[in-house]
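# Predicted coordinates and the sequence they were generated for:
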Amino acid sequence: MSRSSSSLVAPVLVVLAVLAGCSDSAQPAQPAPPSRPFAPENTVRPPSPQTWLAQVCAALAPAVRSATPIPPTNTADVAGTRDRVVAYLDDRIRGVTTAIRGVNAAGPAPLEGGGASTDAVLDGLNQRLGAIREARESLEAVPANATDTLFYGLQRARAVLVVPGPDALRDLAVPTPLTDEAAGVAECRALTTP
């Protein structure tokens with residue numbers, strides 16, 4: 001072996017020895033500790049009854065504002081009356097839909113069985129919405145020149161849309177155990193303010 005090749009062998013052997021030592025000491029990666037999505041620092045506390053009542057009563061405000069008396073029937077202009085009633089029904093649909101979204105966003109009432117209480121509110125609002133939509137669709141289906149049929153359609157719509165007062169809407173949404181607390185919440189008081 002020549003002197004130059006022997007001088008290269010030594011550094012190559014040192015590099016190989018270092019690499020072999022590194023591979024022996026390598027250990028498999030440790031698995032990450034499991035995540036704790038429900039750790040105490042991540043818990044979400046239910047809102048206070050006052051906060052929840054404020055959210056729910058504010059959500060009901062558009063439904064209350066739209067619950068005005070249905071426009072009167074003008075027998076001399078039944079088709080025009082139908083247009084005004086359809087616009088009125090559209091406003092009621094928007095108001096109740098907004099209320100449903102707001103009650104959903106507020107979540108269950110912060111009390112025992114609060115989920116069932118909120119479900120009852122949403123069921124009541126959805127039934128109301130269904131009745132209003134049905135009245136609108138049946139009225140819209142009557143041809144403008146069918147004056148007698150249109151007149152009776154307006155009367156049926158009027159009968160279906162007995163306007164629940166603001167107290168009825170508030171009482172629907174506020175669980176009985178929270179009635180006294182609702183009296184102290186400005187948003188709930190505003191529902192009954194003329």
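Yep, that arrived. Residues are numbered from 1 along each chain as shown.
# Enumerate the positions of stretch 97-105 that are buried.
Across stretch 97-105, burial judged by 16 or more other Cβ atoms under 10 Å covers 97, 98, 99, 100, 102, 103. Yep, even glycine has a C-beta here, placed from its N, CA and C like the rest.
# cool, stretch 63-82 as well?
63, 64, 66, 67, 70, 71, 73, 78, 81, 82.
# residue ranges with poor pLDDT in this protein?
Low-confidence segments of the chain, defined by pLDDT under 70: 1-44, 162-170, 193-194.
# what about residue 137, neighbour count?
Applying other Cβ atoms under 10 Å, we find 11 residues neighbouring residue 137.
# Just the element for it, please.
helix 114-141 (DSSP states H and E).
# Repeat that for residue 98.
helix 78-106.
# helices or strands next to that helix in the packing?
Contacts defined by 3 or more Cβ pairs under 8 Å, 6 or more residues apart in numbering; DSSP states H and E place helix 78-106 against helix 49-66, helix 114-141, helix 147-160.
# what angle do that helix and helix 147-160 make?
Using axes from the mean of the first three to the mean of the last three Cα atoms, to 10 degrees, one finds that helix 78-106 and helix 147-160 are set 30 degrees apart in direction.
# quick one, helix 78-106 and helix 49-66 angle?
If you take the same axes, to 10 degrees, helix 78-106 sits at 170 degrees to helix 49-66.
# so how far is helix 78-106 off the chain centroid?
Here the centre of mass of C-alpha atoms in helix 78-106, compared against the chain's by Cα atoms, centre = their mean, to the nearest Å, lies 17 Å away.
# now, the most widely separated pair of the buried residues of stretch 63-82?
64 and 78 (29.3 Å; Cβ to Cβ).
# So for residue 108, which of the helices and strands packed on helix 78-106 sits nearest?
Among the helices and strands packed on helix 78-106, helix 114-141 sits nearest to residue 108 (Cβ to Cβ), with 4.1 Å.
# which other helices and strands contact the closest one?
Counting by 3+ Cβ pairs under 8 Å, 6+ apart, helix 114-141 packs on helix 78-106, helix 147-160, helix 166-173.
# How about it, which residues are buried there?
Applying a neighbour-count criterion of 16+ other Cβ under 10 Å, one finds 114, 117-118, 121, 124-125, 128-129, 131-132, 135-136, 139 buried in helix 114-141.
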